[in-house]
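Peer 1: Below: sequence and its predicted model.
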Amino acid sequence: DGGITQSPKYLFRKEGQNVTLSCEQNLNHDAMYWYRQDPGQGLRLIYYSQIVNDFQKGDIAEGYSVSREKKESFPLTVTSAQKNPTAFYLCASSIRRDRGYRADNEQFFGPGTRLTVL
Amino acid sequence: AQTVTQSQPEMSVQEAETVTLSCTYDTSESNYYLFWYKQPPSRQMILVIRQEAYKQQNATENRFSVNFQKAAKSFSLKISDSQLGDTAMYFCACYGGATNKLIFGTGTLLAVQP
């Protein structure tokens, strides 16, 4: 089955530690995204990548870093510089806007990771 | 910049009845797309329905339909014959081709009562 996997489902971190959230997709999508979800604020874009070895900051990139060394993988690191990291993190992927028939950029989401800072 | 506004934080409907969720948006782009996503208690985001802005005809998907009012920048979701499994958070979202970003509203929590 094609889809997006995120691991772990729940993650606990001590203050001052960096932590990396995994996101893998086997949909052969070029573009991948990371969102943060907080109560009452919907989804906010952290980083996105349209192609391997390239990524752009979203609206709330401070305190986060990403890499895109492989098409299938887009890990997110939450650094100690992120002042309020406790949240639900969602990864998504889509076909690149200039390819295929899905020019509407429908995004397919993973099951999410709940990060709690202790 | 694009914005999406959902003014109903919570709604409730009886099973088998019809409910409408509101969404307004603002964008300067001429080529854009609108979506409704559902997030049940499992927190998995699921696409419910999409609407291309250049199409005048309202999109429908089984019990789900939209009322797209382009001039008013309104994009409401109607759920007919509500089922218990429709209980979820519903997010309206707008994608603009130039910005290449999907902007979400803050969501409406829908509870379907037996």
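Peer 2: Received it, and whenever you're ready, just let me know what you need. Residues are numbered from 1 along each chain as shown, chains lettered A, B, ... in the order given.

Peer 1: List the buried residues for the helix or strand containing A:Arg114?
Peer 2: Assigned by DSSP states H and E, A:Arg114 falls within strand A:113-117. Neighbour counts over strand A:113-117 (16 or more other C-beta atoms under 10 Å in any protein chain shown) mark A:Thr113, A:Leu115, A:Val117 as buried. Where you see a C-beta, it was placed from the backbone N, CA and C, and this is true even at glycine.

Peer 1: So what pairs up with the last one in the strands?
Peer 2: With beta bridges defined as DSSP bridges, A:Val117 has these partners: A:Arg13.

Peer 1: So what sits opposite the most centrally placed residue in chain B in the bridge?
Peer 2: Ranked by distance to the mean C-alpha position of chain B (C-alpha atoms, centre = their mean), the top residue is B:Trp36 at 3.3 Å. Listed by DSSP bridges, the beta-bridge partners for B:Trp36 are B:Ile49, B:Cys92.

Peer 1: Could you measure from it over to B:Cys23?
Peer 2: Using C-beta to C-beta, to the nearest Å, we find B:Trp36 at a distance of 8 Å from B:Cys23.

Peer 1: ditto for A:Glu15
Peer 2: When A:Glu15 is compared with B:Cys23 (using C-beta to C-beta), they lie 38 Å apart.

Peer 1: Next: B:Tyr54.
Peer 2: 18 Å.

Peer 1: The two - which one has more neighbours?
Peer 2: The neighbour count for B:Tyr54 versus B:Cys23, taken as other C-beta atoms under 10 Å in any protein chain shown, is higher for B:Cys23 (26 against 10).

Peer 1: what's the neighbour count on the residue nearest to the more buried one when sequence neighbours are not counted?
Peer 2: Leaving out its chain neighbours, the residue that sits closest to B:Cys23 by C-beta to C-beta, 6 or more residues apart in numbering or on different chains is B:Cys92, at 3.5 Å. Applying other C-beta under 10 Å, we find 28 residues neighbouring B:Cys92.

Peer 1: give me every residue that touches B:Cys92.
Peer 2: B:Val4, B:Gln6, B:Leu21, B:Cys23, B:Tyr25, B:Leu34, B:Phe35, B:Trp36, B:Phe75, B:Leu77, B:Phe104, B:Gly105 (C-beta atoms under 8 Å, 6 or more residues apart in numbering or on different chains).

Peer 1: Need those residues in TSV (columns: secondary structure).
Peer 2: Converted to TSV, the contacts of B:Cys92 look like this (DSSP: H, G, I helix; E, B strand; the rest coil):
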residue	secondary structure
B:Val4	strand
B:Gln6	coil
B:Leu21	strand
B:Cys23	coil
B:Tyr25	strand
B:Leu34	strand
B:Phe35	strand
B:Trp36	strand
B:Phe75	strand
B:Leu77	strand
B:Phe104	strand
B:Gly105	coil
